[in-house]
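Provided below for reference: sequence and predicted model.
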Amino acid sequence: MSDTIFGKIISGDIPSEFLYEDEYCIAINDINPQAPVHVLVIPKQGIPRLVDAGADDQALLGHLMLVAGNIAREQGVGDAFRLVVNNGAGAGQTVFHLHLHVIGGAEFAEGRMAG
């Protein structure tokens with residue numbers, strides 16, 4: 001996965017300011033934010049898409065969710081944020097290294113995905 005932009009950020013080949021880092025993941029601001037808060041939580045393990053994760057990735061996936069919640073609280077949107085995972089090009093995934101979008105700080109219109 002080091003050939004993706006996220007792999008290069010994780011390895012230090014592309015400089016980036018980390019909002020968070022631990023042994024399993026990093027969090028950075030999205031370079032094209034869709035809301036006042038738009039943070040990416042990226043696992044250091046290179047999983048291309050969510051559907052490529054296996055049972056042995058269960059703990060990592062849970063960890064990413066917990067980190068996303070902590071980031072939302074730290075960014076001041078802990079009571080109202082969206083957590084988005086795009087899976088595949090048809091769903092809007094452009095970097096094939098699994099990542100979670102933590103999006104908040106704006107009113108979200110109700111839509112088909114609401115509920």
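That came through fine. Residues are numbered from 1 along each chain as shown.

How many residues are close by K44?
Neighbour count of K44, defined by other CB atoms under 10 Å: 17. No exception for glycine: its C-beta is placed from N, CA and C like everyone else's.

How about A106?
Applying other CB under 10 Å, we find 16 residues neighbouring A106.

same question, V51
Burial of V51, expressed as a neighbour count using other CB under 10 Å, amounts to 10.

N86 versus that one, what's the distance?
Using CB to CB, to the nearest Å, one gets 12 Å for the distance from V51 to N86.

show me the contacts for the residue nearest to F81 when sequence neighbours are not counted.
Nearest residue to F81, sequence neighbours excluded (CB to CB, 6 or more residues apart in numbering): G104, at 3.3 Å. Residues counted as contacts of G104 (CB atoms under 8 Å, 6 or more residues apart in numbering) are A35, P36, V37, A72, Q75, V77, A80, F81, R82.

Same list (these) but as JSON lines, adding pLDDT and neighbour count.
Below are the contacts of G104 laid out as JSON lines (pLDDT from 0 to 100; neighbours: other CB atoms under 10 Å):
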{"residue": "A35", "pLDDT": "96", "neighbour count": "17"}
{"residue": "P36", "pLDDT": "97", "neighbour count": "12"}
{"residue": "V37", "pLDDT": "98", "neighbour count": "20"}
{"residue": "A72", "pLDDT": "98", "neighbour count": "23"}
{"residue": "Q75", "pLDDT": "97", "neighbour count": "19"}
{"residue": "V77", "pLDDT": "96", "neighbour count": "20"}
{"residue": "A80", "pLDDT": "95", "neighbour count": "11"}
{"residue": "F81", "pLDDT": "97", "neighbour count": "25"}
{"residue": "R82", "pLDDT": "96", "neighbour count": "16"}
